[in-house]
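[1] Predicted coordinates and the sequence they were generated for:
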Amino acid sequence: MGARPPRRRRRRRARRRDLRRADRQRHAGLARLLEILREQDPAQQRLEVAIETSRGLLVAGLRAAGRTLFAIDPLAVSRYRDRYRSSRGKSDAFDAMVLANILRTDRDAHRPLPDDGEQVRALQVLCRAQQDAVWDKITITNRIRSLLKAYFPAAVAAFERGGKHRLESASCRTILAAAPTPHEAAR
């Protein structure tokens, strides 16, 4: 009889599997959108796209496909929505119609997103890497804190000042490097 992995590990694996599945679905959805745009665009690359955001996977995919994008402020879309409907009801299909009409009727009032240069794209990559590093630091610090709470609660209290833990400090790292593991401490 084989031993089952701990519940936490099973949950983590399931979460990773779900994230991979969602990522594949997003990429498949983007590919399907680009296919629909190709089908609906009689003169290739002439169909312009209005969207309420200026960043993200969808914007990057549309830009890579060579589409002209107009990022319309969501507050402006809300005001345009009032032209067509007096109720405050909101739906994706209705918003798509409003965005299409914004480009059709008031295209001159909005400007297309400028193409990013190589330096801008490089800066975006660096900013994203820095943000990922910050998130990783927070995740690791929280993991250390929960492990210390389980095995050495006094250590968490020792590195807490003003209601916040300082587990990322150099002094904390030095002490934790010298401290015994829970197994060694049990001897």
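    Yes, it's here. Numbering: from 1, shown residues only.

[2] Tell me where the chain is predicted with low confidence.
    When residues are selected by pLDDT under 70, those of the chain lie in 1-6, 42, 45.

[3] Quick one: the strands in it, in order.
    Secondary structure of the chain (DSSP state E): strands located at 49-51, 69-71, 160-161, 164-165.

[4] how far does stretch 133-146 sit from the chain's center?
    Taking the mean of its C-alpha atoms, stretch 133-146 sits 18 Å from the chain's own mean (C-alpha atoms, centre = their mean, to the nearest Å).

[5] Tell me which residues touch F94, please.
    Listed by C-beta atoms under 8 Å, 6 or more residues apart in numbering, the contact partners of F94 are R81, Y84, R85. Using the backbone N, CA and C atoms, a C-beta is placed for each residue, glycine as well.

[6] Out of those, give me the one that has the most neighbours.
    For the contacts of F94, neighbours were counted using other C-beta atoms under 10 Å, and R81 has the most, 20 neighbours in all.

[7] V156 touches A150, doesn't it?
    No - using C-beta atoms under 8 Å, V156 is not in contact with A150, being 9.9 Å away.

[8] and these two? which has more neighbours close in?
    Comparing V156 with A150 by other C-beta under 10 Å, the one with more neighbours is V156, at 17 against 10.

[9] so what's K90 up against?
    R81.

[10] Likewise for P112?
    E48, T68, L69, F70 are the contacts of P112 under C-beta under 8 Å, 6+ apart.

[11] what about the last one, how many neighbours?
    Spelled out, it's F70. If you count neighbours by other C-beta under 10 Å, F70 ends up with 17.

[12] is it in a bridge, and if so with what?
    Beta-bridge partners recorded for F70 (DSSP bridges): A50.

[13] show me the contacts for it.
    Residues near F70 by C-beta under 8 Å, 6+ apart: E48, V49, A50, I51, I102, L103, R107, H110, R111, P112, L113.

[14] I am finished for the moment; much appreciated.
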